[in-house]
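predicted model and sequence below, questions to follow.
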Amino acid sequence: MRLYNTLSRRMEELPPPPGPVRMYFCGPTVYQRAHIGNARPFIVGMWLRSWLRARGYDATLVHNITDVNDKIYDAAPGKSAELAARATDWYLEDTGDLGLGMPDALPRATESIPSIVRFIEQLVATGHAYAVEGDVYFRVASDPGYGRLSRQRPDQVEEQEPNPLKEDPRDFALWKANKPGEDTSWDSPWGRGRPGWHIECSAMAEDAFGPVFEIHGGGLDLVFPHHENELAQSLALGHDFARIWTHNGMLGGMDGEKMSKSLGNDVSLRNVLDTWGREVVLLFFFGAHWRKPVEFGDDVLEQAQAQLEGFRNVFRSPSERVGDWAELEAALDDDFNTPEALAVLHGWRDHELLRRAFAIFGLESLADLEEAPTDLAELAARRRDARDSKNFAEADRLRDEIAAAGWEVRDVADPPGFQLVPRP
RNA sequence: GGCGCCUUGGCCGAGUGGUUAGGCAUGGGUCUGCAAAACCCAGUACACCGGUUCGACUCCGGUAGGCGCCUCCA
């Protein structure tokens, strides 16, 4: 099994099973309903864990939730804690409805404050950080290798709003003093305040796994500064950190102009799930390589839906011994190439094999065939009789009636009879 | 200004220095009372301009267009 590593810019082989493979994937900041783009790292992480387990690995996934930061303060002045709690529940509910199960742990930043504070204390003690007026900043100049992950040149990084408290504009906050209007804060050696974003992940990852783990994932937009800074913090303490960094590509097509017709301007995961169903969402993501950007829209969703129907039809026909598990392994073991795997699955006709593969990706429901309501089955039987007696006008009328109820009659030749199938 | 990525047939989307990706849609056919499903056949793609090479969609350079990030966006 090999994966592309952002840090080394090349493919890297995972240790042989059982590993372990410990994965930490950055989760959302909870201040609103998660959008469809937020679903990608969750899905990639869950699928990867699932595939690794199928390959005999001892794989675990930790997915954090950032439940304290400026966005949350801004979204709910004075009531940010309530919003964060509610939005966390939304996230768990919406990702849960993907039907992939849940990560092994979902640590919250607000529940990890002691570890975060300890981490910062060590950085201060070793000279990698400094406290100023209740803030604590990481001293980027203390890390000669800074920029190793993102390949940013520190001297070229654009300066944001100047902050006179910083020694160097590149320095970033580890701890921020409590400000008026911020309703969540904790005691610390530097006074009341709250943690910076990057240190949360360093602390939570170490809490979960210790200083070394195999894979750190997240959206491509997190490479800089978030992951660059996490890495700097951990290396500063002489710790190793993630061996392989995986960054999923972003979703396009979610902005004004090309807004999805079916979803209006609401591209929340909730709305997409309610409108298209979980299988469509999953197959949409399955069809694109995790590292590549992908356009989101009605057209691709429709295509995913059509493909699902094709797979269901395979289960509606007799199983044939066509398919080879090794083909799936070859595709997925090579940088987790799900579109290649999809092509493989399209060639399979063996129900047992397909079911086994789909189960890994939360799509085992494709094998479930819906039973038609008895009244429709009755109509279909009457149509069969009419047809057998060459009363085709009546047979067609009954077929239309069944169609109006949302089902489709398919005549089957081999064991002579018919099949009732819900229309997609 | 800096770092990095992308551009494949109507659409989505893999991949490789020389062989059919796959899917969706479309047209034709087989099957069917007619359909549906299934199966068969058809399309022969790789932004543009140079270069390297016996040979490039695949490597190198440039151009155009698109995208991400540049201190709290997955």
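Ah, there it is. Predicted, not measured: the structure shown is a model, and the values here were computed from it. Residues are numbered from 1 along each chain as shown, chains lettered A, B, ... in the order given.

for A:His227, see how far away A:Phe358 is.
33 Å (Cβ to Cβ, to the nearest Å). Every residue, glycine included, has its C-beta placed from N, CA and C.

more crowded one of those two?
Under the neighbour definition other Cβ atoms under 10 Å, A:Phe358 and A:His227 were set side by side, and A:His227 has more, 25 against 19.

residues contacting A:Tyr4?
A:Arg10, A:Met11, A:Glu12, A:Thr246, A:Arg291, A:Asp335 (Cβ atoms under 8 Å, 6 or more residues apart in numbering).

so in that sheet, which strands flank the lowest-mean-pLDDT helix or strand in chain A, and in what orientation?
One helix or strand of chain A scores below all others by mean pLDDT, DSSP states H and E: strand A:251-252, with a mean of 86. Sheet pairing of strand A:251-252 (DSSP bridges) gives strand A:294-295 (parallel).

can you tell me what sits against the helix or strand just after the strand it pairs with?
Using DSSP states H and E, the helix or strand that follows strand A:294-295 towards the C-terminus is helix A:298-316. Outside of helix A:298-316, the residues within contact range by Cβ under 8 Å, 6+ apart are A:260-263, A:276, A:279-281, A:283-284, A:287, A:294, A:342, A:345-346, A:348-349, A:351, A:354, A:358, A:363, A:366-367, A:369, A:419, A:421, A:424.

weed out the non-buried ones from those.
A:260, A:263, A:276, A:279-281, A:283-284, A:287, A:294, A:342, A:345, A:348, A:351, A:354, A:358, A:363, A:366-367, A:421 (16 or more other Cβ atoms under 10 Å).

go through these and flag which are in strands.
Counting by DSSP state E, the buried ones among the contacts of helix A:298-316 place A:Val294, A:Val421 in strands.

contacts only, for A:Leu353.
A:Gly323, A:Trp325.

distance-wise, check it relative to A:Ala330.
Counting by Cβ to Cβ, the gap from A:Leu353 to A:Ala330 is 15 Å.

next: A:Gly193.
Between A:Gly193 and A:Ala330 the distance is 51 Å, computed by Cβ to Cβ.

what are the bridge partners for the residue in the stretch 201-350 of chain A positioned nearest to RNA strand B, then?
With Cβ to the nearest atom of the strand, the shortest gap between the stretch 201-350 of chain A and RNA strand B falls at A:Gly219, namely 1.9 Å. For A:Gly219, the beta-bridge partners are A:Asn248 (DSSP bridges).

that one: neighbour count?
Using other Cβ under 10 Å, A:Gly219 has 21 neighbouring residues.

what do you get for A:Gly127?
Neighbours around A:Gly127, by other Cβ under 10 Å: 10.

and for A:Ala393?
9.

same question for the one 3 residues further on.
By the other Cβ under 10 Å criterion, the neighbourhood of A:Asp396 contains 13 residues.
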